[in-house]
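Chemist: Output the structure for:
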Amino acid sequence: MRQFRSLGLDGVIEILPEKFGDDRGFFSETYNARVFADDGISLDFIQDNHSYSAQVGVLRGLHFQTPPFAQDKLVRVIRGSVFDVIVDIRKGSPTFAKWVGVEISAKKWNQVLVPKGFAHGFVTLEPDTEFLYKVTNYYSKDCDRSIRFDDPDIGVEWPVDLSTVTLSAKDEAAGLLKDTETGFVFEG
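Modeler: All right, here's what the predicted structure looks like:
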């Protein structure tokens with residue numbers, strides 16, 4: 001039975017799809033619009049993305065897109081594992097700048113729903129990690145934003161030595177949340 005579990009931030013949900021195995025391998029239905037809608041999640045995913053990280057300590061994020069190209073994401077790992085981080089970036093939210101982290105792995109076979117209005121990032125915990133995610137809007141270079149992974153006002157407790165992480169040039173140059181116009185306002 002598929003399980004949906006709140007991770008403590010508004011709309012951030014861990015999903016545990018069923019996995020049916022036998023001597024041939026396994027089968028798993030990782031997304032079904034009707035099942036998600038029955039749990040109150042109605043999203044139109046329009047694009048699938050796939051990233052590969054060769055080594056442990058590859059840190060990607062914290063990323064988001066501003067409106068009108070904001071994206072909901074459904075993220076999962078098909079090989080390896082990551083520590084996944086979601087940060088509330090909605091101005092005026094009671095949980096603004098709060099974060100939640102969860103290990104996502106091929107072994108656990110879990111997924112996380114990251115709603116619009118939240119920044120997202122992860123660090124690889126195993127070599128050769130493959131990360132897949134569905135999104136509800138197309139990529140827009142003009143709306144693409146990053147926040148420092150080590151922003152002291154957020155205080156993410158990454159489970160790796162931050163002096164050894166591998167970052168992209170974009171993530172090295174990312175600014176602090178307090179200096180970033182997110183485009184999101186809490187409408188609670």
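Chemist: Give me the residue at the spatial middle of the protein.
Modeler: residue 120 (4.5 Å; Cα atoms, centre = their mean).
Chemist: Now that residue: closest residue in space, sequence neighbours ignored.
Modeler: residue 114 (4.8 Å; Cβ to Cβ, 6 or more residues apart in numbering). All C-beta spots, glycine's among them, are computed from the backbone N, C-alpha and C.
Chemist: May I have the phi/psi pair for that neighbour?
Modeler: Main-chain torsions, residue 114, degrees, to the nearest 10: phi -110, psi 110.
Chemist: contacting residues for it?
Modeler: 12, 72, 73, 74, 75, 86, 120 (Cβ atoms under 8 Å, 6 or more residues apart in numbering).
Chemist: any idea how far the first one lies from residue 181?
Modeler: The reference is to residue 12. As for residue 12, its distance to residue 181 is 22 Å (criterion: Cβ to Cβ, to the nearest Å).
Chemist: ok, those two, which is more surrounded?
Modeler: residue 12 (21 against 8; other Cβ atoms under 10 Å).
Chemist: that older thread, quick one: which of the contacts of residue 114 is the most crowded by neighbours?
Modeler: Counting neighbours by other Cβ under 10 Å, residue 86 leads the contacts of residue 114 with 29 neighbours.
Chemist: Show me what the helix or strand containing that one is packed up against.
Modeler: Taking DSSP states H and E as the definition, residue 86 sits inside strand 81-88. When contacts are defined as 3 or more Cβ pairs under 8 Å, 6 or more residues apart in numbering; DSSP states H and E, strand 81-88 sits against strand 59-65, strand 99-105, strand 111-114, strand 118-124, strand 129-135.
Chemist: Now with 10 Å, please.
Modeler: Secondary-structure packing of strand 81-88 (3 or more Cβ pairs under 10 Å, 6 or more residues apart in numbering; DSSP states H and E): strand 59-65, strand 73-79, strand 99-105, strand 111-114, strand 118-124, strand 129-135.
Chemist: from those strands, which stretch is densest packed?
Modeler: strand 118-124 (a mean of 26; mean count of other Cβ atoms under 10 Å).
Chemist: then it to PDB, C-alphas only?
Modeler: C-alpha atoms of strand 118-124 as PDB (Å, rounded to 0.1, in the frame of the first residue of the first chain):
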ATOM      1  CA  PHE A 118      10.200  25.800  -1.500                       C
ATOM      2  CA  ALA A 119      13.900  25.700  -2.400                       C
ATOM      3  CA  HIS A 120      15.400  22.300  -3.000                       C
ATOM      4  CA  GLY A 121      18.800  20.700  -2.900                       C
ATOM      5  CA  PHE A 122      20.600  17.400  -2.100                       C
ATOM      6  CA  VAL A 123      24.000  16.000  -1.400                       C
ATOM      7  CA  THR A 124      25.000  12.500  -2.600                       C
END
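Chemist: Done for today, thanks.
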